[in-house]
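K.L.:
Test case, fold it:
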Amino acid sequence: MSSIRASVHQQQGAFAIEMAFVLAFLVTLFLFSADLSQQVLNRAKLDRVSYSLVNLVKERQRFYAEREPLSRADFLQIQEIAARLLHKSTAEEQDQFGISVQSLVEGTQVSFSKTFAGDTPCVPDNNISTLSELVPENDAGKRFPLYQVTLCMTSSSWYDKAIGQHLISATSVMPGR
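P.N.:
Residues are numbered from 1 along each chain as shown. Below you'll find the predicted structure:
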């Protein structure tokens, strides 16, 4: 009987130590999950904004006096709209995202981009010229224009630091009318 009491008496601190390890693991797991969910929300926001911007660029007839080719002034307007949609109003906040807009009109490619976080370029996964097979034709054989908008943001999450990635990007491609 005394050996049982001695054994129980020696085990009293073990539960507290095990509980500390389990709680530390659960708190780390919770913070990691919250961090990942924040990254998913940021990616979803970039996807929505890039899709909205490519639709704006696509609607050349309504918004840009039926001009199909992109100009530098058009790009600056699109950049300003992107900043507003991403809630980046100050110059410091605007340095946190980059944008690349490309068009392919009658075989001619035009590209504009804005760097971010110093001199980090915002580069789409695929150049628009490699997507030329997506360009539809009308009955008369005229090829429609193709537009691509890519948005990039820096990421400050623990997960991205763990895998060595600090960039979130979203690309949307759309043929014009």
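
K.L.:
so how many other residues sit close to A82?
P.N.:
With neighbours defined by other C-beta atoms under 10 Å, the count for A82 comes to 24. All C-beta atoms are positioned from the backbone trio N, CA, C, and that covers glycine.

K.L.:
contacting residues around it?
P.N.:
49, 53, 97, 99, 151 (C-beta atoms under 8 Å, 6 or more residues apart in numbering).

K.L.:
For the third one, which non-adjacent residue is spatially closest?
P.N.:
Same thing as F97. Nearest non-adjacent residue to F97, counting by C-beta to C-beta, 6 or more residues apart in numbering: M153, 4.8 Å away.

K.L.:
show me what contacts that neighbour?
P.N.:
When contacts are counted by C-beta under 8 Å, 6+ apart, M153 touches 42, 46, 86, 96-98, 116, 167-169.

K.L.:
those helices in this protein, which residues are they?
P.N.:
Taking DSSP state H as the test, the helices found in the chain are 2-10, 14-58, 60-63, 72-85, 91-94, 158-163.

K.L.:
Report the mean per-residue pLDDT for the last one.
P.N.:
Meaning helix 158-163. Model confidence over helix 158-163 averages 65 on the pLDDT scale.

K.L.:
The second one now?
P.N.:
Along helix 14-58, the predicted local confidence has a mean pLDDT of 88.

K.L.:
Which elements pack onto that helix?
P.N.:
Using 3 or more C-beta pairs under 8 Å, 6 or more residues apart in numbering; DSSP states H and E, the elements in contact with helix 14-58 are helix 72-85, strand 97-105, strand 146-154, helix 158-163, strand 167-175.

K.L.:
So which of those is nearest F32?
P.N.:
When the helices and strands packed on helix 14-58 are compared for distance to F32 using C-beta to C-beta, the nearest one is helix 158-163, at 6.6 Å.

K.L.:
Just the buried ones among the contacts of A82, please.
P.N.:
Judged by neighbour count, with 16 or more other C-beta atoms under 10 Å as the criterion, the buried members of the contacts of A82 are 49, 53, 97, 99, 151.

K.L.:
Between which two of those residues is the distance greatest?
P.N.:
Pairwise distances across the buried ones among the contacts of A82 peak at 11.9 Å for L53 and F97 (criterion: C-beta to C-beta).

K.L.:
Distance to S71 for the buried ones among the contacts of A82 - can I get that in CSV?
P.N.:
As requested, the buried ones among the contacts of A82 are exported to CSV (distance: C-beta to C-beta, whole Å):
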residue, distance to S71
V49, 21
L53, 16
F97, 22
I99, 15
L151, 20
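
K.L.:
That concludes my questions; thank you for your assistance.
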